[in-house]
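1. here is my input; please provide its structure:
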Amino acid sequence: MTMICLVSDQPPPNLAAHNTSSTSIQITWDSIPPLEKYIATVAYHVTVIRADSFSDTEGLHAILGACVNTTKMTLHRTNLRKYTAYRITVAGVTEKGVGNAGAQLTVLTDEDGKNITTF
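-> Numbering: from 1, shown residues only. Here you go, the predicted structure:
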């Protein structure tokens with residue numbers, strides 16, 4: 001029997017992101033449900049790029065392994081620039097390559113609090 005493995009054209013559903021501090025963001029999405037028994041997502045390719053950057057080479061790329069029996073995926077990205085907008089995409093990865101990332105999100109890291117001096 002020949003095993004056929006394709007790249008899914010379905011992006012991860014319910015992609016969401018929000019800042020958790022002035023230098024970090026949290027990204028969540030639901031696992032891609034298998035459309036056919038031959039399309040198995042083995043990982044997720046997450047890209048976080050500064051919105052003012054025109055080059056993917058400055059991006060922060062992460063490969064997150066797909067967990068069996070997990071429906072919600074989460075990535076907490078740290079060491080980002082303060083009060084900076086980032087573009088985020090997530091795509092499923094199969095043995096044949098990276099699939100469709102779908103729509104991208106833009107998230108702004110938080111501002112630091114004001115320094116208050118008390119006497």
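
2. which ones are touching residue 101?
-> Going by Cβ atoms under 8 Å, 6 or more residues apart in numbering, residue 101 touches 11, 45, 47, 89-91. The C-beta positions use only the backbone N, C-alpha and C, and glycine is treated the same way.

3. mind pulling up the pLDDT for it?
-> On the pLDDT scale, residue 101 is placed at 89.

4. just to revisit the earlier point, in the contacts of residue 101, find the pair that's most separated.
-> 11 and 47 (12.5 Å; Cβ to Cβ).

5. now list whatever residues contact both of those two.
-> 90, 101.

6. tell me the one of the contacts of residue 101 nearest residue 76?
-> residue 90 (13.9 Å).

7. what number of residues lie near the closest one?
-> 25 (other Cβ atoms under 10 Å).

8. just give me the residue closest to the centre of this structure.
-> Nearest to the geometric centre of the chain sits residue 46, at 3.6 Å (Cα atoms, centre = their mean).

9. from residue 89, how far out is that residue?
-> Distance, residue 46 to residue 89, using Cβ to Cβ, to the nearest Å: 7 Å.

10. now do residue 41
-> On the measure of Cβ to Cβ, residue 41 and residue 89 end up 15 Å apart.

11. okay, how far is it across stretch 12-28, tip to tip?
-> 10 Å (Cα to Cα, to the nearest Å).

12. swap in stretch 33-48?
-> Rule used - Cα to Cα; the end-to-end distance of stretch 33-48 is 23 Å.

13. what about this protein, any weak spots by pLDDT?
-> For the chain, the stretches with pLDDT under 70 are 1-7, 35-39, 54-69, 113-119.

14. and the strands in this protein?
-> Assigned by DSSP state E, the chain shows strands spanning 16-21, 24-30, 43-50, 60-65, 72-77, 85-94, 97-98, 105-108.

15. angle of the third one against strand 72-77?
-> Meaning strand 43-50. Angle, strand 43-50 to strand 72-77, by axes from the mean of the first three to the mean of the last three Cα atoms, to 10 degrees: 40 degrees.
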